[in-house]
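Colleague: show me how the following folds:
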Amino acid sequence: MHNLKRFFRNYIRPMWARLAVVMVLAAMSSSYFFILGYISKVTVDHVLQLKPNVEDAGAVEEGSAGPQDRKSTSKVDASSRSNPQAPRRDPTSVAPNVLDGGWGAPQKSKSEKLEWLWVIFFAYLAVRLVFSAMNWFYLYNVSFLGQRIVFRVRLDLHQKVQKLQMTFFDRQQTGKIMSRILDDVGLLQNEVMSMCVESVRHIVRILIGIAVLLFLNLKLGMMAILALPLYAVSYRFFKRVIHETTLDMRENYSEAYGVLEERIRGIRVVLSFGKEKGEIRTFFSKVAETLRLSVRRSILNTGLGVVCSVISAVASALVLYYGALAVGSREMTIGDLVYFNMCLGQMFMPLIALTNMNTIFQEMIVVISRVFEIMDETVLIQDHKDAVKLDSVRGRVVFNHVWFRYNDRADDVLKDLTFEVRPGTSVAVVGPSGAGKSTLLSLLLRLYEPTQGQVLIDDYDIRDVKISSLRQHISMVPQEPILFSGTIAENIVYGRGESHPNDIVRAAKAAELHDFVMSLPEKYESHVGERGANLSGGQKQRLAFSMALLSDPAILILDDTTSALDARTEARIQETLDQVMEGRTTFVITHRIATAMRADRILVLDNGRMVGWGTHGELVQREGMYRQLYEQQVSPEAARLQAAVPGS
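Modeller: Predicted coordinates:
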């Protein structure tokens, strides 16, 4: 309930003025059926002027009279007819009508009935027109509020996700995050409005119904009201189990969403291993479990509705029975009974609707809780109050006794790293897989926060620098290029929103991409598929180079970027990179000694520790991991690169 209060405070209260208008409209529209019911009552009493049979009324007055009672009653009536002085019943009288001010009204002529009929016709038409206009305005505002709430929640969720550190994404499926932002929040649009507005409409209808019933007949009204506590008991009985089922269903649906997103993204792997049938079974089991939980929730909700319907049916039957007796005893008119019965239905119907809303209410609580799970996620990496903005960066980088682990239960990934990189220096980071090479440079981008120690840029602890300012001066080309749907030009300028076309072409030429782009029919406006599906590995890599080079970073990070390129292209682009790296600090993560040899300094990592630091000449003279890698790779690698260079 705490999250529900927060949701109302954060997203509904700011729109209180429009919501208040909608509430008033909902309350006013609640009287619609009661007004139509009153028109029906007037029609019966003033136009049709239906009356109970005199003899039948006498019999009903006596209750369940036996044959002897009926004979005695007939004798009394006969004696009344024989005795002119005895009081006689008026067979033309109608049942009591409060508005007529007495027990009956005289029989109307045809012209009078026709006049009443015209009045009723125009009254009915006016009511329908007024409430139709009111309903249109009401539905428009309800839709607006629902869309507005969903817009704000999705926007806040997306903004929160953009601020979260990489450790959050490391432990969450992408599909689960998408499910919460898109699917879960989408459910709130109708559910919130149902709870906030429709509940008000139902409650007002119940209150109006109670007032009208008590006004028409106090005894029958009290009898109807006695059924209300039974609804509350039924709701309490079903509430907990429906909530638990709804929670399980949403969680299972989120898991199915995550599995689907992963398998579609990795469809090449699925097909290459021939795992189609296995994936069908996996997804079938997830969807089948969701179906089972949905059916169970429907059964529980239907059961609640059936119990409430039975309560309503029994109460309505009793009221009709005693209402008929009241008509026979002239405590009510037939029009009153018709109106009473209609009002009774209008009181019980919203009660059933409110109990059926239990499912919506439970689902809304579950969805809101799932939304606030992300909202409440602690942002570990954020700007301090006094964070400075770096307008320019020379490129000096220092790691000072840096330790890092992903969480408190995990082992240290980086252990006591200490080194300094001077501005304009290129550093190759080498080591076996899992040594911590990519994690090291993720700390430089402040995607993670060191567990201990400091990372400095130009003598500034990066924790004291505004994140946007820091990343503005650092560009990273990942091992697996991340491209976005759009044109080639839109991808190139992703890191730098406003760029001159000449700058785009210059970056593409530097990355050896321009010739390929010009061979396409639409040139730089050619469409790039999702994750670059219509590009080769080398083309995607060169496009990623263009993205990084356009931003002209002071610090450039290359994460094994030439691994997807053929030997000839790698040799050409390496020459380009030598020019690009000139004058800027560059970190190159690589497994290739031939690439590491080009760097000014080489950092060797093994199991998170620095086991080598120096130039190629210095490291190759020492015993250790770098020398082993050199002996394994240098001869075949050098021969391959030499053969790939044109004119060699």
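
Colleague: doesn't Val611 belong to a strand?
Modeller: Yes. If the criterion is DSSP: H, G, I helix; E, B strand; the rest coil, then Val611 is within a strand.

Colleague: now do the contacts for Ser29.
Modeller: In this structure, Ser29 makes contact with 131, 134-135, 138, 201, judged by Cβ atoms under 8 Å, 6 or more residues apart in numbering. Every residue, glycine included, has its C-beta placed from N, CA and C.

Colleague: rerun that using 10 Å as the cut-off
Modeller: Ser29 sits next to 131, 134-135, 137-138, 201, 204-205 when contact means Cβ atoms under 10 Å, 6 or more residues apart in numbering.

Colleague: state the distance from it to Asn135.
Modeller: Ser29 sits at a distance of 6 Å from Asn135 (criterion: Cβ to Cβ, to the nearest Å).

Colleague: would you list the phi and psi of the nearest residue to Phe404 once chain neighbours are set aside?
Modeller: Nearest in space to Phe404, with sequence neighbours left out and distances taken as Cβ to Cβ, 6 or more residues apart in numbering, is Leu414 at 4.3 Å. Per-residue torsions, Leu414: phi -120, psi 140 (degrees, to the nearest 10).

Colleague: then Val427?
Modeller: Per degrees, to the nearest 10, the backbone of Val427 is at phi -130, psi 130.

Colleague: stretch 427-434: end-to-end distance?
Modeller: Between the start and the finish of stretch 427-434 there is a gap of 19 Å, counting by Cα to Cα, to the nearest Å.

Colleague: chain center to that stretch: distance?
Modeller: In terms of Cα atoms, centre = their mean, to the nearest Å, the gap separating the centre of stretch 427-434 from the centre of its chain is 41 Å.

Colleague: stretch 150-168 now?
Modeller: 11 Å.

Colleague: what do you get for stretch 596-608?
Modeller: Centroid separation between stretch 596-608 and its chain, computed with Cα atoms, centre = their mean, is 46 Å.

Colleague: in that stretch, which residues are buried?
Modeller: Within stretch 596-608, the residues scored as buried using 16 or more other Cβ atoms under 10 Å are 596-597, 599-606, 608.

Colleague: and those residues as CSV, adding distance to Ala435?
Modeller: Below are the buried residues of stretch 596-608 laid out as CSV (distance: Cβ to Cβ, whole Å):
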residue, distance to Ala435
Ala596, 14
Met597, 19
Ala599, 17
Asp600, 21
Arg601, 17
Ile602, 13
Leu603, 10
Val604, 9
Leu605, 4
Asp606, 5
Gly608, 7
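
Colleague: return the member of the residues you listed nearest to Gly37.
Modeller: Of all the buried residues of stretch 596-608, Gly37 sits closest to Gly608, with 78.6 Å by Cβ to Cβ.

Colleague: contact partners for that closest one?
Modeller: Applying Cβ under 10 Å, 6+ apart to Gly608 gives the contacts 403-405, 411-417, 431, 434-436, 439-440.

Colleague: quick one: buried residues of stretch 282-292?
Modeller: Applying a neighbour-count criterion of 16+ other Cβ under 10 Å, one finds 286, 289-290 buried in stretch 282-292.

Colleague: Arg394 contacts Thr585, doesn't it?
Modeller: Yes. Assessed by Cβ atoms under 10 Å, Arg394 is found in contact with Thr585 at 8.3 Å.

Colleague: which residues do the two both contact?
Modeller: 422-424, 457, 473, 554-555.

Colleague: which pair in those residues spans the largest distance?
Modeller: Farthest-apart pair in those is Arg422 and His473; separation 16.2 Å (Cβ to Cβ).

Colleague: sorry, back to before: and the shared contacts of Arg394 and Thr585, which are buried?
Modeller: Buried members of the shared contacts of Arg394 and Thr585, scored by 16+ other Cβ under 10 Å, are 424, 457, 473, 554-555.

Colleague: keep only those of those that are in strands.
Modeller: Taking DSSP state E, the ones among those that sit in strands are 457, 555.
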